Structures are given as structure tokens and as C-alpha cells.
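> Mind folding the following:
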Amino acid sequence: MALFQNITDRKQIEKNLEDARIAAVNVLDDLFVEKSKVETAKAKEEAILMSIGDGLITTDEKGNTIFINKAAEKLLGIKNEEISGKSFFESTTIENEEGVAVPLEKRPIHMALATGTTTTTTTTTTTGPTYYYVRKDKTKFPAAITVTPVILSGKVIGAIGVFHDITKEREIDHAKSEFVSLASHQLRTPLTAIGWYVEMLQSGDAGVLNDKQNKYLSEIYTGNKRMVELVNALLNVSRIELGTFVVEPEPTDVVLLARSVVDEQKSQIEAKKLKLSEKYAKDLPLFNADPKLLRMVFQNLLSNAVKYTPKGGAIEFALWMVKGGESVDVQKADEDSIAVKVTDAGYGIPKKQQNQIFTKFFRADNVRKKDTEGTGLGLYIVKAIVDHSGSKIWFESVENKGAIFYVTLPLSGMKKKEGAKALI
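Next up, the predicted model:
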């Protein structure tokens, strides 16, 4: 009986072992199938990444390179094997337009990793700084760069950067700017002559005019004035983009300048019965700036506030001092600065269009429906001047509730710049 029991137990053990072996084989088969699927998917993803025409970089949360594709290898003159596992910041160099290395905290990948937000540098001739990647052989090229952080469970675990060479785009933009500059110069002379002759006719130099003639001449004068303003704006844009504009800094009383700009707008302010609040801090230091350029910044911001605020509305123009590290709205001043704030109660800027506000020829949909005049170049020019001076400009706005524009002017001031022409 005992022997029979032992045989039965042994057969049961053997059966269990065989079942376990079969189960293990099945698991291994499943693992092999899944491994094949993963390897296939990985191969496809790598093939896609390698075939992308733009340069692509992936890093971990410390900025160490995980992978660069073929396009990045070609653009940077470096192999994936040479850079993989190494700090991307130490393996590559980015310079600004002056040939100075961009500090770590300003490099797009570092900014994306540090802030957890997408970082984009300039494309062609926008108002932001242009960055140049320096190749292994020390040659360099201008690049448009976009870096997006990789976030898992609320934590930044890496970044993906995409970039491409914008040399050709810049050459095309340069040619377009030269054409606009030439065409604007040719248009400006006859327009100026038209303005002079209209003024002479209105003043009676060619005889007394009747009411109908005066009305027609007024329409001609107004239309001609708009054309002159557009041509001047186009000339300014071309000079900014070609880099031919002059900057001549001098110690400037910003409060005095602000009051002068307000005086220029007084007639429009009074005509619309706007309530203007001027808040200028006492004892603001002189700011080393090109007064003509700073005037253009103040003029554009204030004239927009006056233009887009309905009758009887309120606007504010404020200047005050901030220390380095102190906050101005949502931004922190990098150094001791003069803060500027222009507030209006106008149409506001639609949220979906706010990222376009400083681009050329842009006018928000809600404004175009109510006001057909305007070039869409004012804020573009303001942004270019502010960027050149090392300052910052940003805004807050809710549609139909107005907008607040902020500017910080570092006390280090504007840098002198030689050029062929001044802005108009």
C-alpha cells in the first residue's frame, strides 16, 4: 500500500513538473513575442527619428545626451557615439550674434529643464536673439531651436530639442528687407511732396477754396498722412531687420520724456474724455538711453492705450524703481531697473492670439472689426528696441477688459550701436 502511494505521489510530482515546464515555455514564448514587438517598435521609432530632416536631441533631466539623430550629427559635425551619455552643454557651444558664448542658464535645453516649459528661440528675423550652434570644426550656423521638457508624474525627466539651420531663410528675409527699404525710400519722396502741396493749397497759396474743395483736400491730406506713417514704419522695420539702425545713448530723464509723450497725446485724451493717471516715482535716476528710441517705446504703448480705450475710459502710465531680484508683475528684474506700466481699459487681446502680439503686421481680430486703421507694426518695433536694450516687455490681457503692458529698463542702459540710419 505504501509503495503504491509513493508511485502515485511521484507521478503527480512529475505531472506538476511537466505542467510547470510547459507553463515556463509558454511564458518564454510570450516574452519572446513581446520582446520582438518592443524591438520592432523601437526600430521603427529609431528609424523615424533618424529620418527626421531637422536635428533632434534627447537628454535626461541633467542635460546628459541620450540620443541625437543623423540630421543633428550632420549639422553639429559630431557623432551620436561621441556625445551619448555626456553633458550636451559641455559637448556643444551656442553663441549669440556677437560671437559670445550663451551662458548655461540662457541655453534652451537648460531653460526647458529648469522651468518645465517649452522654450523657443528666434526663427529668421523676429525680434528675439539669434543663436548660433558652433560645429566641431569651429564653423557655425544660425539655428531655430524648440525644446520641450519630458514630464512624467509631474516631474521633468528629460528634454527633446529640435533645431534646423536658418541661413537660407535669413538670406531671403535680408533680401526682402532690402527691397522694402528701397521701395519705402522711393515712396517717401512723392508722398512728402503731396503733403506739402496739399498744405499750400489749404493755406490759400493758390487762391481761396470753397468748402467742398477744402473737404476733398482734407481727405487727401489724411490719407497721405496714413501712407507716410506706413512708409516710415516699413523703413524702421527694414532698418531693424538689416541691423543698420543707429543707437546713440545719453543720460535721459525718463519722467520728463514720459510727460512729453503724454503732452503729445493730450488732444486725443481730451477728445475721448479719458481719465489718465500718471504715477511717476520721485528721484528716478537718469537712464542711459537713446531718447528717440525710448520715446518710440513710450509713444507706441501710450497711443495704443488711448486709441483702443472707449470714450470715458481710464488709462494709466506709471514709472518706478525696482531692485534686482524684485518682482514686477510675474517677472523678476535681473538687475536694478526702471519699471514701466501702461494700462488701458480697451478691447483686450483674445487669448488664442496673444502669442502673436509682437509679430509683424499683426492686429487682433476683435480690433480689426472695430478699427480698420493701423499697420500692425508698432509693437513689433517696440519689441525690437526693448530686446536690443537688454530690457524685457510682456503683457496681461483679458478680452473686452483691457491690457497692461510692462517694460523693465536695466540701469546698465542701452549699448551704443553704429549704423547707417536712425529710426524715424
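
> And the helices in the stretch 51-200 of the chain?
70-76, 80-83, 88-91, 108-115, 167-202 (DSSP state H, counting those that start in this stretch).

> Dump those to TSV, plus mean pLDDT and mean neighbour count.
No exception for glycine: its C-beta is placed from N, CA and C like everyone else's. Compiled in TSV, the helices of the stretch 51-200 of the chain are given as follows (pLDDT from 0 to 100; neighbours: other Cβ atoms under 10 Å):
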stretch	mean pLDDT	mean neighbour count
helix 70-76	91	19
helix 80-83	91	14
helix 88-91	92	17
helix 108-115	91	20
helix 167-202	81	14
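
> a markdown table please, covering the ones you listed and showing distance to residue 133.
As requested, the helices of the stretch 51-200 of the chain are exported to a markdown table (distance: least, Cβ to Cβ, whole Å):
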| stretch | distance to residue 133 |
| --- | --- |
| helix 70-76 | 6 |
| helix 80-83 | 13 |
| helix 88-91 | 11 |
| helix 108-115 | 11 |
| helix 167-202 | 11 |
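
> Tell me which of the ones you listed lies nearest to residue 152.
Residue 152 sits nearest to helix 108-115 of all those, at 13.4 Å, using Cβ to Cβ.

> Of the helices of the stretch 51-200 of the chain, give the one that comes closest to residue 269.
helix 167-202 (25.4 Å).

> Tell me what angle the next helix or strand after the closest one forms with helix 167-202.
Next helix or strand after helix 167-202 toward the C-terminus (DSSP states H and E): helix 211-242. Computed with axes from the mean of the first three to the mean of the last three Cα atoms, to 10 degrees, the direction of helix 211-242 lies at 160 degrees from that of helix 167-202.

> start the count at 51, not 1, going forward
That works, and once the first residue is 51, the last one we named lands at helix 261-292.

> Can you name every helix or strand that helix 261-292 contacts?
Applying 3 or more Cβ pairs under 8 Å, 6 or more residues apart in numbering; DSSP states H and E, one finds that helix 261-292 contacts helix 217-252, helix 428-438.

> So for that helix, mean pLDDT?
Averaging pLDDT along helix 261-292 gives 83.

> and the angle from it to helix 428-438?
With the same axes, to 10 degrees defining the directions, helix 261-292 sits at 30 degrees from helix 428-438.

> Can you give the domain ranges for the protein?
If you go by automatic domain parsing, the domain ranges for the chain are 51-101, 104-215, 221-292, 300-460.

> Put together JSON lines for the ones you listed, with distance to residue 473 on each row.
Listed next are the domains of the chain as JSON lines, based on distance: least, Cβ to Cβ, whole Å:
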{"stretch": "domain 51-101", "distance to residue 473": "45"}
{"stretch": "domain 104-215", "distance to residue 473": "14"}
{"stretch": "domain 221-292", "distance to residue 473": "5"}
{"stretch": "domain 300-460", "distance to residue 473": "6"}
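
> Lowest average confidence across those, which one?
It's domain 51-101: among the domains of the chain, that one has the lowest mean pLDDT, namely a mean of 62.

> tell me the phi and psi of residue 407?
Backbone torsions for residue 407, taken as degrees, to the nearest 10, come to phi -60, psi -30.

> Would you confirm that it contacts residue 399?
Yes: using Cβ atoms under 8 Å, residue 407 and residue 399 qualify as a contacting pair, with a distance of 6.0 Å.
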